[in-house]
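Asker: here you go, sequence then predicted model.
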Amino acid sequence: AQTVTQSQPEMSVQEAETVTLSCTYDTSESNYYLFWYKQPPSRQMILVIRQEAYKQQNATENRFSVNFQKAAKSFSLKISDSQLGDTAMYFCAFRNNDMRFGAGTRLTVKP
Amino acid sequence: GAVVSQHPSWVICKSGTSVKIECRSLDFQATTMFWYRQFPKQSLMLMATSNEGSKATYEQGVEKDKFLINHASLTLSTLTVTSAHPEDSSFYICSAPRTGAPNEQFFGPGTRLTVL
């Protein structure tokens, strides 16, 4: 079974600074999808960014970008120009036949 | 974007009763839906995969007789917690990928279950 590991339970960053959240995964599959989700206190899961494993180019969405290293099975999320509204839990997810999540990283953006 | 709804958003029940949670894809068809459970300050744990027209697939350690799943149509899956006990109190989230688009998966807002 696929496993997803987020080794940073908590992180903090100053407003306007850049922060990187790490994620590694384990799989024997060659075709899969990777996601970063944000979960604010409302607990609604919000898609931040996604990456298809067959694409070599790293995905970007405005202030959010990923560093996808397929051989190393690494999928980190970089948040640039952090904003107070970025404060939330962030989950890395792996999707093949189903979707599984890492333990999450609680990010706090400080004013 | 696509919308997934859950009903109810919260429920309080007495120990020993059964509770049904509905998950609907409002503007797309979903042959598969996923049910997750999330305890406070923890991650989402996959409980089962709901398949339209066939039996659900349960994760190891999840009692299929306790958590009954029915995927009655291409837009509706239900999770029934039977003979609920306080330890079943949790946040239940359903998720549905758009059929044919595994890179598009949408989440319901969740249901908070409290068993007294």
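Answerer: Structure received.

Asker: would you point out which residue is most central in the chain?
Answerer: Here I'm looking at chain A. Geometric centre of chain A, nearest residue: A:Trp36, 3.5 Å, by CA atoms, centre = their mean.

Asker: think we crossed wires, I meant chain B
Answerer: Note: chain B centre (CA atoms, centre = their mean) maps to B:Trp35, 3.7 Å.

Asker: now do the buried residues in the helix or strand of chain B at the bottom of the mean pLDDT ranking.
Answerer: The least trusted helix or strand in chain B, going by mean pLDDT, DSSP states H and E, turns out to be strand B:101-107, with a mean of 85. Residues B:Pro102, B:Glu104, B:Gln105, B:Phe106, B:Phe107 are the ones in strand B:101-107 that count as buried (16 or more other CB atoms under 10 Å in any protein chain shown). To be clear about C-beta, it is placed using only N, CA and C from the backbone, and glycine gets the same treatment.

Asker: re earlier: how about the contacts made by the residue nearest to the centre of chain B?
Answerer: B:23, B:46-50, B:67, B:69, B:77, B:79, B:92-95 (CB atoms under 8 Å, 6 or more residues apart in numbering or on different chains).

Asker: what do you get if the cut-off is 10 Å, keeping everything else the same?
Answerer: B:21, B:23, B:44-50, B:56, B:58-59, B:62, B:67, B:69, B:77-79, B:92-95, B:108 (CB atoms under 10 Å, 6 or more residues apart in numbering or on different chains).

Asker: how near is it to A:Glu29?
Answerer: 22 Å (CB to CB, to the nearest Å).

Asker: helix or strand for the residue nearest to A:Thr87 when sequence neighbours are not counted, which one?
Answerer: Once flanking residues are discounted, A:Thr87 sits nearest to A:Val109: 4.9 Å by CB to CB, 6 or more residues apart in numbering or on different chains. If you go by DSSP states H and E, A:Val109 is part of strand A:105-110.

Asker: who in chain A is up against chain B?
Answerer: Counting by CB under 10 Å from any CB of the partner chain, chain A comes close to chain B at A:1, A:4, A:6, A:9, A:31-35, A:37, A:39, A:42-47, A:50-52, A:89, A:91-93, A:95-104, A:106.
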